[in-house]
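Novice: structure for this input, please:
(4 chains)
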Number of protein chains: 2
Amino acid sequence: MAKENHTKYAILGLLTTGCHSGYSIKQMIDESLNHFWKVSYGQIYPILKQLVDDGLATVQTTSQDRKPDKKEYYMTPKGKLALQAWLQTPIKDIPTEKNELLLKLFFSSHQSKTTALNHLTQYLEKIRERYNTFESIEQMINENLSDQADAQFWLITLDYGKRTTKAVIEWCECTIKKLKDG
Amino acid sequence: MAKENHTKYAILGLLTTGCHSGYSIKQMIDESLNHFWKVSYGQIYPILKQLVDDGLATVQTTSQDRKPDKKEYYMTPKGKLALQAWLQTPIKDIPTEKNELLLKLFFSSHQSKTTALNHLTQYLEKIRERYNTFESIEQMINENLSDQADAQFWLITLDYGKRTTKAVIEWCECTIKKLKDG
DNA sequence: GTTGGCATGTAATCCGTTACATGATTAC
DNA sequence: GTAATCATGTAACGGATTACATGCCAAC
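Specialist: The predicted structure follows:
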């Protein structure tokens, strides 16, 4: 099986969630996929074009005066099949995140303890923000979208985010204490 | 400040841990950095060359009969300063891992529950293996390297790995149960 | 005799970010 | 008037993977 670009399927899949333009896809990504799949405009527009070329989506272009054409994309039956096929392909390897903080801590015997503590403190702040974001999104789904078929799975991915983020918060707090005491 | 390639500093830093060849650096990475910073030979050799060009490392080349030259790299004082400067630069953003499993779960309303469960089960297996790896490394550090100045920080990065991995294990188990029941 | 580890390297390719380019409309 | 949001796109660049190329030595 040829190596597949997962981002292509992310965008294809989003066409089924009420998003039909590059712009609205980007918004949806920033709101929902962002914590496990970031995508930029530099990818979205070329991929949408490619989806049409491959027959996985169609596009309706509306010409507008003094504005760029408005383009609306819709998944084709062939696209639906491609998405399902991709959903079934096994996951080869579990991901490894690149973590600049850990890399810096790994070499921290070369620097003052204060610097390490500063990094940790700032990280903790950001990671707490992220946790709060997850809680807001969760609340929003529960209030507005709980009837949607996707909602169950969206909450599952959020739960992943919350659990792992919480673990990081605890690690941060614990490590800060350790460094201060030791 | 110009955008810096962190991998460069990962390799520079490893020169202080008893690794002096491209090959041994790769081994060290696979054993210790792998869970938060992967590096391939395709990066290591060119970067080592670049470090020498920039005066951050020196190289001693030993010609060998019928073998490629053996090259040993050592950090220069300028390299040490560069490493310390990098260690002090603030961390701009917390990382986002790309997670194929979450991406597939996000669109799981398009597929059978069985497929989702299969993905989860296989993921759980792999993630448990990873957890065990972390425990072995931890044990090894505690037994053989606990006197080394770096050891404390290496254990900290491992603790991060263990805590987040454990959170993922729990999420997996919980999600599998949820899908089976619901 | 062949597999696996030791050892160094390059080139093609892929994936993704960033900067750039353009311009309308709406809210403050 | 000016900032933010709506809206679409391209080109240059950078980072990383992968496949390829080479060849020794030791163990089974």
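Novice: measure A:Trp86 to A:Thr7 for me?
Specialist: 11 Å (C-beta to C-beta, to the nearest Å). Any C-beta I mention is one placed from the backbone N, CA and C, and that applies to glycine too.
Novice: which ones are touching the closest residue to DNA strand C within chain A?
Specialist: Going by C-beta to the nearest atom of the strand, DNA strand C is nearest to A:Gly42 of chain A, at 2.4 Å. With C-beta atoms under 8 Å, 6 or more residues apart in numbering or on different chains as the criterion, no residue contacts A:Gly42.
Novice: secondary structure element for it?
Specialist: helix A:41-53 (DSSP states H and E).
Novice: so is that helix next to DNA strand D?
Specialist: Yes: residues of helix A:41-53 are located near DNA strand D by C-beta under 7 Å from any atom of the strand, namely A:Tyr41, A:Gly42, A:Tyr45, A:Pro46, A:Leu48, A:Lys49.
Novice: and of those, the nearest to chain B?
Specialist: A:Gly42 (16.3 Å; C-beta to the nearest C-beta).
Novice: and the residue of chain A closest to DNA strand C, how far from B:Phe36?
Specialist: 26 Å.
Novice: try A:Lys38
Specialist: Here A:Lys38 is placed at a distance of 18 Å from B:Phe36 (C-beta to C-beta).
Novice: over to A:Leu103?
Specialist: 6 Å.
Novice: then A:Glu135?
Specialist: As judged by C-beta to C-beta, A:Glu135 and B:Phe36 stand 26 Å apart.
Novice: more neighbours, the two?
Specialist: More neighbours surround B:Phe36 than the other of A:Glu135 and B:Phe36, with 21 against 13 (other C-beta atoms under 10 Å in any protein chain shown).
Novice: got the contact list for that one?
Specialist: Counted by C-beta under 8 Å, 6+ apart, B:Phe36 has contacts A:Thr96, A:Glu97, A:Lys98, A:Asn99, A:Leu102, A:Leu103, B:Thr157, B:Tyr160, B:Gly161.
Novice: run the last query once more with 6 Å
Specialist: Each residue near B:Phe36 by C-beta atoms under 6 Å, 6 or more residues apart in numbering or on different chains is listed here: A:Asn99, A:Leu102.
Novice: need the three-state assignment for it.
Specialist: Judged by DSSP: H, G, I helix; E, B strand; the rest coil, the three-state class of B:Phe36 is coil.
Novice: and it, what pLDDT?
Specialist: With respect to pLDDT, B:Phe36 scores 97.
Novice: just A:Glu143 next, same as before
Specialist: 88.
Novice: for chain B, see how far away it is.
Specialist: For A:Glu143, the distance to chain B equals 19 Å [C-beta to the nearest C-beta, to the nearest Å].
Novice: so that residue is in which element?
Specialist: Assessed by DSSP H and E, A:Glu143 sits inside helix A:113-144.
Novice: what separates that helix from the chain centre, distance-wise?
Specialist: Put simply, helix A:113-144 sits 16 Å off its chain's centre (C-alpha atoms, centre = their mean, to the nearest Å).
Novice: who does that helix touch, helix- and strand-wise?
Specialist: Secondary-structure packing of helix A:113-144 (3 or more C-beta pairs under 6 Å, 6 or more residues apart in numbering or on different chains; DSSP states H and E): helix A:151-181.
Novice: residues of the helix it packs on that come out buried?
Specialist: Buried residues in helix A:151-181, counted by 16 or more other C-beta atoms under 10 Å in any protein chain shown: A:152-169, A:171-172, A:175-176, A:179.
Novice: repeat for stretch A:89-97
Specialist: Neighbour counts over stretch A:89-97 (16+ other C-beta under 10 Å) mark A:Ile91, A:Ile94, A:Thr96, A:Glu97 as buried.
Novice: domain ranges for chain A, per the record?
Specialist: A:6-88, A:100-181 (automatic domain parsing).
Novice: residues near the nearest residue to A:Lys162 once chain neighbours are set aside, how many?
Specialist: Using C-beta to C-beta, 6 or more residues apart in numbering or on different chains and skipping the chain neighbours, the partner closest in space to A:Lys162 is A:Phe134 (4.9 Å). Neighbours of A:Phe134 under the rule other C-beta under 10 Å: 20.
Novice: and A:Ser63, by the same measure?
Specialist: Neighbours around A:Ser63, by other C-beta under 10 Å: 8.
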